[in-house]
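3D model of this:
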Amino acid sequence: MFYLLKVVLMPVLLGYSLGLNDLTVSAVELTVHVGDSALLGCVSQSTGEKHVTKVDWMFSSEEHTKDEYVLFYYSNISVPVGHFQNRVRLVGDILHHDGSLLLQNVKETDQGNFTCEIRFQMESLVFKKVVVLNVLPEEPKELMVHVGDSTRMGCVFHSTEEKHVSRVDWTFSSGEPAKEEIVLCYQPKLRAPKGHPQNWGRFWNRVNLVGDTSRNDGSIMLHGLKESDGGNYTCSIYLGNLTFRKTTVLQVILKEPRTLVTPVALRPEILDGNQLVIIVGIVCATILLLPVLILIVKKAYGNKSSVTSTTLVKSLENTEKARAEKHIYSSITTQEVNDEEESSGKSEATYMTMNPVWPSLKSAPTSPPDQRSTGGMAKTEQAF
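The predicted structure is shown next:
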């Protein structure tokens, strides 16, 4: 009875769930960048001296409806298959029930679920663990900084297992056929960077380890950059018998000088080349077109003046005509004589009809002087 209770409680305390034929561990998530390496852990916590007979790694994603094999281990032989071939290998210690998988050069299509299954000899239960892999875009492999600035160079080994970093090395190569220079060498047991002074060279007192090695982070910060610091920096993180490497290309450029923009500084640039030709052309065109513009303005002004003068003359003529018409009239003398009146010898009244006359200015002076009075009025004749 006690043995049966022990068999039932142990998986529960370890975070496992029991099925009919398997023992499943809670799924874990791991986030990596394209091109990185990832350690997918799969360690059984069984305390018994059981012999592992088979290890299978399978992959599934939303794009693939069926599971596909990544790697299988049987009879001390591990075989990677599918499009994971040449990118995966079994790195766990099988004797200690460790079937961990190392995935290198991660691709975007690797995002999905990786399932590990460990089978033991003379055991019906199967240990199962799922790793959910999230893949982010690739981090820049090249950095460009200015002389005198500081820069951070990252180096992280992604793992689901708490592997202890045993060593972190950073080396530098300028690309020329020369020996590599040691930038930094760190060993956690010593709690401080360690290296021979002659090997540190020009990086002495200019580099610091800023990553958290407890999380497999060996990032560094390089200060006071010089133009000669441009080159390839390679990071190596050691976790037991595992080694993770990453190379970063650093380009160091000079800062652009700050110049004040002044008219004196701009004058040589304006008078150089095509700009001088353009300015001379504009000046010449202005000189040639100036007389033409003056003639056009004068002509337009002259036309306007003539039109105004003509309008004024016509207005004056119309005024003179109106004044002449007001005072010039023609007189017509009429005499009606009746036979009876003649016989009676009586005189009648004289009737005068005034009709307007439209004389021209030229004909006015030719009128007989005897027909005009001093007041400009026509004489009247009486009939007797």
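
Chain neighbours aside, what residue packs nearest to L254?
Distances taken as CB to CB, 6 or more residues apart in numbering put V147 closest to L254, at 5.5 Å, once the chain neighbours are dropped. Placement of C-beta: from N, CA and C, glycine included.

Show the pLDDT at that neighbour.
Listed pLDDT for V147 reads 94.

Tell me if I'm right that it and I253 touch.
Yes: using CB atoms under 8 Å, V147 makes contact with I253 at a distance of 7.2 Å.

Residues that sit against both of those two, list them.
Listed as contacting both V147 and I253 by CB atoms under 8 Å, 6 or more residues apart in numbering are E227.

where's the residue nearest to L254 relative to V132, distance?
Between V147 and V132 the computed distance is 44 Å (CB to CB, to the nearest Å).

what's the answer for R206, then?
Applying CB to CB, the value for R206 to V132 is 40 Å.

got it, and V34?
17 Å.

Likewise for K54?
Distance from K54 to V132, by CB to CB: 23 Å.

The stretch 1-150 of the chain: strands as residue ranges?
16-18, 22-25, 28-33, 38-40, 52-60, 68-74, 77-80, 88-90, 101-103, 112-120, 126-136, 142-146 (DSSP state E, counting those that start in this stretch).

so what does the longest one touch, helix or strand wise?
Using 3 or more CB pairs under 8 Å, 6 or more residues apart in numbering; DSSP states H and E as the contact criterion, the neighbours of strand 126-136 among helices and strands are strand 22-25, strand 28-33, strand 38-40, strand 112-120.

can I get the CA coordinates of that strand in CSV?
In CSV, the C-alpha atoms belonging to strand 126-136 read as follows (Å, rounded to 0.1, in the frame of the first residue of the first chain):
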residue,chain,number,x,y,z
VAL,A,126,6.9,7.2,-21.6
PHE,A,127,8.4,10.4,-20.4
LYS,A,128,7.2,13.3,-22.5
LYS,A,129,8.1,17.0,-22.6
VAL,A,130,7.1,19.8,-25.0
VAL,A,131,9.2,22.9,-25.8
VAL,A,132,7.4,25.8,-27.5
LEU,A,133,9.9,27.7,-29.6
ASN,A,134,9.3,31.3,-30.6
VAL,A,135,11.5,32.7,-33.4
LEU,A,136,12.2,36.5,-33.7
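
What pairs with that strand, parallel or antiparallel?
strand 22-25 (parallel), strand 28-33 (parallel), strand 112-120 (antiparallel) (DSSP bridges).

wait, doesn't K141 sit right on T248?
Yes: K141 lies in contact with T248 (CB under 8 Å); the separation is 6.3 Å.

more neighbours, those two?
Shown here are K141 and T248; by other CB atoms under 10 Å, T248 has more neighbours (20 against 10).

got the angle between the strand or helix carrying the more buried one and strand 142-146?
Under the criterion DSSP states H and E, the helix or strand holding T248 is strand 242-253. If you take axes from the mean of the first three to the mean of the last three CA atoms, to 10 degrees, strand 242-253 sits at 40 degrees to strand 142-146.

Which secondary structure elements does strand 242-253 sit against?
Helices and strands touching strand 242-253, by 3+ CB pairs under 8 Å, 6+ apart, are strand 142-146, strand 151-153, strand 231-239.

Show residues contacting that strand.
36-37, 39, 91, 102, 141-147, 151, 153-155, 157, 163, 216, 225-237.

now do 6 Å
With contact meaning CB atoms under 6 Å, 6 or more residues apart in numbering, strand 242-253 is reached by 37, 91, 142-144, 146-147, 153, 155, 157, 225, 227, 229-230, 232-237.
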